[in-house]
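J.: how would this look folded up:
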Amino acid sequence: MKAVTIHLEESVYSEFQTLARKSKRTASELIREAMDLYRQKVKKNTHSLLDPPPPASVGGFLQPWSDRSEMLDNFFNRE
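T.: Model (predicted):
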């Protein structure tokens with residue numbers, strides 16, 4: 001395990017100490033757990049360029065129309 005030095009506000013560290021005492025763990029364990037949860041959350045929300053793009057309805061890329069009739073079908077909601 002790698003030792004890392006971090007700087008916390010006294011109030012934040014005090015809160016970790018209180019939570020640690022209540023859960024019979026160390027503040028270091030809780031901080032490591034919090035860092036791991038953050039890492040997992042960020043990793044989960046990271047996308048590769050190889051991932052398929054999201055649907056256009058949620059900010060994805062729109063595909064260009066191949067011709068005028070496709071544009072009119074789309075405009076008039078004709079399927």
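J.: hey, let's count contacts and neighbours off CA atoms from now on
T.: Noted.
J.: List every C-alpha atom in stretch 32-48, with coordinates, as PDB.
T.: The C-alpha trace of stretch 32-48 is given here as PDB (Å, rounded to 0.1, in the frame of the first residue of the first chain):
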ATOM      1  CA  ARG A  32      -9.600   5.100   1.700                       C
ATOM      2  CA  GLU A  33     -13.200   3.800   1.300                       C
ATOM      3  CA  ALA A  34     -14.400   7.300   0.300                       C
ATOM      4  CA  MET A  35     -11.600   7.600  -2.200                       C
ATOM      5  CA  ASP A  36     -12.300   4.200  -3.700                       C
ATOM      6  CA  LEU A  37     -16.100   5.000  -4.000                       C
ATOM      7  CA  TYR A  38     -15.200   8.300  -5.800                       C
ATOM      8  CA  ARG A  39     -12.800   6.400  -8.100                       C
ATOM      9  CA  GLN A  40     -15.500   3.900  -9.000                       C
ATOM     10  CA  LYS A  41     -18.000   6.600  -9.700                       C
ATOM     11  CA  VAL A  42     -15.700   8.500 -12.000                       C
ATOM     12  CA  LYS A  43     -14.600   5.300 -13.700                       C
ATOM     13  CA  LYS A  44     -18.300   4.300 -14.300                       C
ATOM     14  CA  ASN A  45     -19.000   7.700 -15.900                       C
ATOM     15  CA  THR A  46     -15.900   7.700 -18.100                       C
ATOM     16  CA  HIS A  47     -16.500   6.700 -21.700                       C
ATOM     17  CA  SER A  48     -14.100   5.400 -24.400                       C
END
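J.: which residue sits farthest out from the middle of this protein?
T.: Taking CA atoms, centre = their mean, the residue of the chain most remote from its mean C-alpha position is residue 69, at 40.1 Å.
J.: element containing that residue?
T.: helix 68-75 (DSSP states H and E).
J.: Check the offset of that helix from the chain's centre.
T.: Relative to its chain's centre, helix 68-75 lies at 37 Å (CA atoms, centre = their mean, to the nearest Å).
J.: cool, stretch 7-17 as well?
T.: Computed by CA atoms, centre = their mean, the chain-centroid distance of stretch 7-17 equals 25 Å.
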